[in-house]
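Chemist: Fold the stuff below for me.
(one chain, ligands or ions: 1)
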Amino acid sequence: MLTREQALDLFRADDLIGIGMEADALRRKLHPGGVVTYIIDRNINYTNVCTEYCSFCAFYRPKGHKEGYLQSHESIFQRIQETIELGGTGVLMQGGLHPDLKIEWYEDLFRAIKRRFKIHLHCLSAPEVTNIAEVSGISLRDTIARLRDSGLDSIPGGGAEILDDAVRYRISRLKCGTDEWMAVHRTAHQLGMRTTATMMFGCGETLEQRMNHFDLIRNLQEETGGFTAFIPWTFQRENTSLGRFVKEEATAVEYLKTLAISRLYLPNVLNVQSSWVTQGLKTCQVGLRFGGNDVGSIMIEENVVSAAGARNHATEEDLRHMIRDAGFTPKQRDTLYRTYFLN
Ligand code: SF4
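Modeler: All right, here's what the predicted structure looks like:
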């Protein structure tokens, strides 16, 4: 396994192709079948009301703002119905940290969804889970267990950004710290749930801070084995207050290098995602030769990164074509990266 020093050397090296080839060799070993996966699912942002004011976020509205919303059950049901009709297998439901929604609101919603639909619920990032625990006055473990019992199937890795408190203090001072993010994922794994690990980089962090993030993910995966995938993407600056200070978004070269080093540094996380939503289809395609074995979601609806300026759109056929042209077989998967029951 790559050491921290070796990974730092790779970050500092300019042999982009060499790093990509090493990552590609490891991807082939981990995924010998030549398959690249994607999922059809829908992002549902149930509320944009949030108390946290993260400086990289263009999505939230403070409570009482005229553009603040909370979706009704009916509107959420309608979106799920449309997702199923389009061949979707899951929903990724995330929102702002609403100051008034207690756990009962989420339990009622998840139970109502599960009564009506056969759909995987991949919902509530770690900051939302900690917020629900706080607003409801119950422990983190009880919160996650109750959410699971009411229908939550897995937890997305959102809210990780860079798992280093000095960075978090600078970009998302009010939001959950590194320990809390880790506690949500560790507890979920202990309660039998799978989660994903994400990283938003290019927000002014140092390479050492990026490595701190990698180390935490690698160590927790050694401990629990609960992460299904690692999903790195780059900070999108448009319409964000952080964008006034971070003048340049990470380049495609920096993205590909970080993707490849993710693959190499986290051999214990089976799947690494190459992102077309933030990087565009062409960089995403090259990413499949830099360690990526998955291209994420068709994204029937997405409001958060599009609010920050990412405007990439693709149909299922676009993604399949892009995967085939890179020399792989495209396969639809579900949220837990299973393909056996689909095409
Ligand atoms: S990133 Fe999440 S927690 Fe931060 S302001 Fe946006 S919606 Fe709120």
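Chemist: show me where pLDDT drops low in the stretch 201-343 of the chain?
Modeler: For the stretch 201-343 of the chain, the stretches with pLDDT under 70 are 239, 299-312, 341-343.
Chemist: any idea where the helices of it begin and end?
Modeler: 207-224, 252-265, 276-279, 281-287, 304-307, 316-325 (DSSP state H, counting those that start in this stretch).
Chemist: Determine which of the ones you listed approaches Val36 most closely.
Modeler: helix 316-325 (4.5 Å; Cβ to Cβ). All C-beta atoms are positioned from the backbone trio N, CA, C, and that covers glycine.
Chemist: Show me what counts as buried in the closest one.
Modeler: Leu319, Arg320, Met322, Ile323 (16 or more other Cβ atoms under 10 Å).
Chemist: Output the helices of the stretch 201-343 of the chain in a markdown table, with distance to the ligand appended to each entry.
Modeler: Shown next, in a markdown table, are the helices of the stretch 201-343 of the chain (distance: least, Cβ to the nearest ligand atom, whole Å):
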| stretch | distance to the ligand |
| --- | --- |
| helix 207-224 | 17 |
| helix 252-265 | 20 |
| helix 276-279 | 15 |
| helix 281-287 | 23 |
| helix 304-307 | 7 |
| helix 316-325 | 26 |
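Chemist: still on that earlier bit, hmm, which two among the buried residues of helix 316-325 are most spread apart?
Modeler: Going by Cβ to Cβ, the pair spanning the buried residues of helix 316-325 furthest: Arg320 and Met322, at 7.3 Å.
Chemist: contacting residues for Glu22?
Modeler: Listed by Cβ atoms under 8 Å, 6 or more residues apart in numbering, the contact partners of Glu22 are Ala260, Leu264.
Chemist: wait, is it part of a helix?
Modeler: Yes. The assignment for Glu22 by DSSP: H, G, I helix; E, B strand; the rest coil puts it in a helix.
Chemist: Could you report the pLDDT at Ser55?
Modeler: pLDDT recorded at Ser55 is 87.
Chemist: how close does the residue nearest to it when sequence neighbours are not counted get to the ligand?
Modeler: Distances taken as Cβ to Cβ, 6 or more residues apart in numbering place Leu242 nearest to Ser55, at 3.9 Å, with adjacent residues excluded. According to Cβ to the nearest ligand atom, to the nearest Å, Leu242 stands 11 Å off from the ligand.
Chemist: I figured Leu242 was touching Phe56, is that so?
Modeler: Yes. Counting by Cβ atoms under 8 Å, Phe56 is a contact partner of Leu242 at 4.3 Å.
Chemist: Which neighbours do these two have in common?
Modeler: Residues touching both Leu242 and Phe56 (Cβ under 8 Å, 6+ apart): Ile171, Cys203, Phe235.
Chemist: which residues does the residue lying closest to the second one once chain neighbours are set aside contact?
Modeler: To tie it back to what came earlier, the one meant is Cys203. Excluding its sequence neighbours, the residue lying closest to Cys203 (Cβ to Cβ, 6+ apart) is Phe235, at 4.3 Å. Residues near Phe235 by Cβ under 8 Å, 6+ apart: Phe56, Met200, Phe201, Gly202, Cys203, Leu242, Val246, Glu249, Ala250.
Chemist: Helix, strand, or coil at the nearest residue to Val49 once chain neighbours are set aside?
Modeler: Spatial nearest neighbour of Val49, chain neighbours left out: Gly68 (4.5 Å); criterion: Cβ to Cβ, 6+ apart. Classification of Gly68 using three-state DSSP returns coil.
Chemist: any idea how far Gly68 lies from the ligand?
Modeler: 11 Å.
Chemist: Next: Leu140.
Modeler: For Leu140, the distance to the ligand - Cβ to the nearest ligand atom - is 17 Å.
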